[in-house]
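K.L.:
quick one, structure for this:
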Amino acid sequence: MLADGRVAASCKLYERDLRWDGTTLRATGVGGVFTSPPYRGRGYASALLALVLDGERAAGRDLAYLYSDIHPAFYQRLGFIGLPSRRLTLRVASLDGSRPSAVALAERDWPGVRRTYARLESARPWTFTRNARVWRWLRKHWSAQPARGEQRVNLVVRRKRGVATYVIALRVPRKDTLWVEEFGFAGDDGRARLPALLRAAAGDLARVRMWMPPPGAREALPRGSPSVRKNAIFMVAPLSPAARAWWRAKGSDILAAPSDPFWVADHV
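P.N.:
Residues are numbered from 1 along each chain as shown. Down below sits the predicted model:
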């Protein structure tokens with residue numbers, strides 16, 4: 001958005017699809033909302049986001065979503081709804097201490113990781129879909145050099161025809177914490193091996209911490225200690241009749257769920 005010939009406010013848009021039972025909803029992610037300092041407090045960001053929502057609705061998009069790092073009330077005034085956004089902390093000592101036969105995730109394992117992820121997510125009533133482009137971005141992100149003082153730990157437990165369970169994580173020794181970005185498992189055997197895999201990834205660290213995993217994955221972990229996140233609050237704005245029908249059908253269950261909607265890997 002321009003003012004006086006200058007950029008007063010800006011944002012980034014991301015395209016994703018959301019699967020709801022047998023229906024696909026076209027979703028637009030909003031990120032990087034920014035107002036130049038001289039123009040702050042004048043309503044430029046609100047006007048920009050209103051224009052974005054109107055434009056996405058006119059273009060036939062079903063849903064807008066974002067992760068709020070400021071007061072959610074700002075976005076609620078524009079029609080966004082805050083969804084559960086929590087963090088889960090586990091004591092490493094509470095996890096299975098047996099050896100899971102874990103190995104470092106290698107190039108050959110990625111097809112198995114994708115199949116394992118798809119199998120776990122297929123049981124959920126709704127979720128973001130991951131196409132080839134999304135997976136390419138995730139692989140690049142998960143293979144990048146971590147921040148100073150952090151160590152990337154991507155592990156799998158293989159089975160003859162694929163991956164039984166996997167974990168994508170960062171060791172953060174200064175916080176005595178393993179930060180988990182995602183995990184997955186296939187079948188009862190993979191689920192049973194997951195706690196031991198997390199413990200192997202943590203090593204001598206005391207805690208395992210992650211965004212609250214979505215349904216189907218959360219139940220594979222000990223109870224732990226949940227807490228409400230103070231940033232990256234997930235919010236959605238239904239734009240189309242199909243999305244409004246989805247929210248009427250699922251909204252109350254989503255708001256009351258003991259699990260969060262998405263993995264941290266879906267954060268943009």
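K.L.:
any idea how far stretch 202-212 is from the chain center?
P.N.:
Its chain's C-alpha centre and that of stretch 202-212 lie 17 Å apart, by CA atoms, centre = their mean, to the nearest Å.
K.L.:
run through who's touching that stretch.
P.N.:
Identification of contacts with stretch 202-212 by CB atoms under 8 Å, 6 or more residues apart in numbering yields 84-93, 95, 171-173, 175-181, 198, 218, 226, 229, 259-260, 263-264. Quick note: C-beta positions are derived from backbone N, CA and C, even for glycine.
K.L.:
pLDDT of that stretch, averaged?
P.N.:
In this model, stretch 202-212 carries a mean pLDDT of 97.
K.L.:
same question for stretch 132-150.
P.N.:
The average of the pLDDT scores along stretch 132-150 is 94.
K.L.:
now it: how far from the chain's centre is it?
P.N.:
Computed by CA atoms, centre = their mean, the chain-centroid distance of stretch 132-150 equals 14 Å.
K.L.:
list the buried ones in it?
P.N.:
Neighbour counts over stretch 132-150 (16 or more other CB atoms under 10 Å) mark 134, 138, 142 as buried.
K.L.:
out of the contacts of stretch 202-212, which end up buried?
P.N.:
Buried subset of the contacts of stretch 202-212 (neighbour count, 16+ other CB under 10 Å): 84-85, 87-88, 90, 92, 95, 171-172, 177-181, 198, 218, 259-260, 263-264.
K.L.:
restricted to strands, list those.
P.N.:
Among the buried ones among the contacts of stretch 202-212, the members found in strands (DSSP state E) are 87-88, 90, 171-172, 177-181.
K.L.:
need the residues you listed in JSON lines (columns: distance to residue 6 and pLDDT).
P.N.:
What follows is these, written out as JSON lines (distance: CB to CB, whole Å; pLDDT from 0 to 100):
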{"residue": "87", "distance to residue 6": "39", "pLDDT": "97"}
{"residue": "88", "distance to residue 6": "44", "pLDDT": "97"}
{"residue": "90", "distance to residue 6": "49", "pLDDT": "98"}
{"residue": "171", "distance to residue 6": "44", "pLDDT": "98"}
{"residue": "172", "distance to residue 6": "40", "pLDDT": "98"}
{"residue": "177", "distance to residue 6": "43", "pLDDT": "98"}
{"residue": "178", "distance to residue 6": "45", "pLDDT": "98"}
{"residue": "179", "distance to residue 6": "39", "pLDDT": "98"}
{"residue": "180", "distance to residue 6": "42", "pLDDT": "98"}
{"residue": "181", "distance to residue 6": "38", "pLDDT": "96"}
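K.L.:
would you turn these into a markdown table with distance to residue 12?
P.N.:
Output for these, formatted as a markdown table (distance: CB to CB, whole Å):
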| residue | distance to residue 12 |
| --- | --- |
| 87 | 25 |
| 88 | 28 |
| 90 | 33 |
| 171 | 30 |
| 172 | 27 |
| 177 | 29 |
| 178 | 30 |
| 179 | 24 |
| 180 | 26 |
| 181 | 21 |
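K.L.:
for the stretch 1-150 of the chain, which segments count as helices?
P.N.:
44-58, 72-76, 110-121, 132-143 (DSSP state H, counting those that start in this stretch).
K.L.:
helix, strand, or coil at residue 193?
P.N.:
Taking DSSP: H, G, I helix; E, B strand; the rest coil as the rule, one finds residue 193 in the helix state.
K.L.:
state the distance from it to residue 64.
P.N.:
To residue 64, residue 193 is 38 Å away according to CB to CB, to the nearest Å.
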